[in-house]
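Chemist: generate a structure from the sequence data that follows.
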Amino acid sequence: MNIMVYVEEIGQVAFAFVIGAIIGIEREFRSKPAGFRTMILICVGSCLYTIISKEANSVSNDRIASNIVTGIGFIGAGVIFKEGITVNGLTTAALIWITAALGMAIGYHNYPLAIVVSILIVIVLFVLEPVQRYINKLHRVKDYKIKIVETSTVFKLELEAFFSRHDMTFRCMKVTKEELDAVYMYRISSPDRNYDEVNNFLLNHKEVRSFEV
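Modeler: As a prediction, the model looks like this:
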């Protein structure tokens, strides 16, 4: 193989390293499961597999690409976890997926596309974050998981009376039992989008063991 081909491939891997590092810095800054080194390895690895697939005449390029996507899917699934009634890690999993795609684009010499998509990712991660926070403030519906110390129906009546007094729309989604505790799942909509009163009510109620939003 011509020495210039080796130089070009080293340049591709180096470029994938830089792109992965840019994305990884943001994840590391936010202390996410897949951070700086992980994103670099994903981008460089995808690029390397793409380069090798082009050189392996006995293997079709589309098979290598599909296997990369499959492998990245397993990695992405590893950073998604459920905590209470919330699911965390979806953004990181999506970043892992698109970082692998960037590595593949670099492996196929599609540098303009890789640069444009990288810029879009930076915009989504940094510029659009305040927009998301603003949208979250406008979100009128919240789900509460409330655990009380006993299975008495008195608490349920008190809670729903509290909602009614504050003109809140509510719906009891589910009632379960964990050992001796009762767990209520409520979907609440506050007209003024202020849920501090709900939080204070639950914090100060003697029967509430814990709650999650």
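Chemist: alpha carbons only for contacts and neighbour counts from here, please
Modeler: OK.
Chemist: and the host helix or strand of I25, how far from the chain's centre?
Modeler: According to DSSP states H and E, I25 maps onto helix 3-29. Distance, stretch centre to chain centre, for helix 3-29: 24 Å (CA atoms, centre = their mean, to the nearest Å).
Chemist: okay, the angle between the following helix or strand past it and helix 3-29?
Modeler: Using DSSP H and E, the helix or strand that follows helix 3-29 in sequence is helix 36-55. Angle of helix 36-55 versus helix 3-29, following axes from the mean of the first three to the mean of the last three CA atoms, to 10 degrees, is 150 degrees.
Chemist: quick one: list the elements packing against helix 36-55.
Modeler: When contacts are defined as 3 or more CA pairs under 8 Å, 6 or more residues apart in numbering; DSSP states H and E, helix 36-55 packs onto helix 3-29, helix 61-78, helix 90-107.
Chemist: buried stuff in the first one?
Modeler: Buried residues in helix 3-29, defined by neighbour count with 16 or more other CA atoms under 10 Å: 9, 12-13, 15-17, 19-28.
Chemist: stretch 169-186 spans what distance, first to last residue?
Modeler: 10 Å (CA to CA, to the nearest Å).
Chemist: can you check stretch 164-171 too?
Modeler: Start-to-end span of stretch 164-171 (CA to CA) is 12 Å.
Chemist: rounded mean pLDDT for it, please.
Modeler: Across stretch 164-171, pLDDT averages out at 87.
Chemist: reformat the helices and strands packed on helix 36-55 as JSON lines; add mean pLDDT.
Modeler: Output for the helices and strands packed on helix 36-55, formatted as JSON lines (pLDDT from 0 to 100):
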{"stretch": "helix 3-29", "mean pLDDT": "89"}
{"stretch": "helix 61-78", "mean pLDDT": "78"}
{"stretch": "helix 90-107", "mean pLDDT": "91"}
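Chemist: coming back round to it: the inter-axis angle of the helix holding I25 versus helix 90-107?
Modeler: Using the same axes, to 10 degrees: helix 3-29 against helix 90-107 is 170 degrees.
Chemist: is it possible to export the helices and strands packed on helix 36-55 to a markdown table including distance to E178?
Modeler: Putting the helices and strands packed on helix 36-55 into a markdown table (distance: least, CA to CA, whole Å) gives the following:
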| stretch | distance to E178 |
| --- | --- |
| helix 3-29 | 36 |
| helix 61-78 | 27 |
| helix 90-107 | 28 |
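Chemist: once you drop chain neighbours, what's closest to the residue nearest the centre of the chain?
Modeler: With distances taken as CA atoms, centre = their mean, L90 lies nearest the centre of the chain, 2.2 Å away. Closest residue to L90 apart from its sequence neighbours, by CA to CA, 6 or more residues apart in numbering: I80 at 5.9 Å.
Chemist: was I right about that neighbour contacting F74?
Modeler: No: with contacts counted by CA atoms under 8 Å, I80 stays clear of F74, the gap being 10.4 Å.
Chemist: the two: who's more crowded?
Modeler: Neighbour totals were compared for I80 and F74, and I80 leads with 16 against 11 (other CA atoms under 10 Å).
Chemist: ok, that one - contacts?
Modeler: Contacts for I80 (CA atoms under 8 Å, 6 or more residues apart in numbering) come out as 87-90, 93.
Chemist: before we move on, what SS does V183 have?
Modeler: Secondary structure assignment for V183 (DSSP: H, G, I helix; E, B strand; the rest coil): strand.
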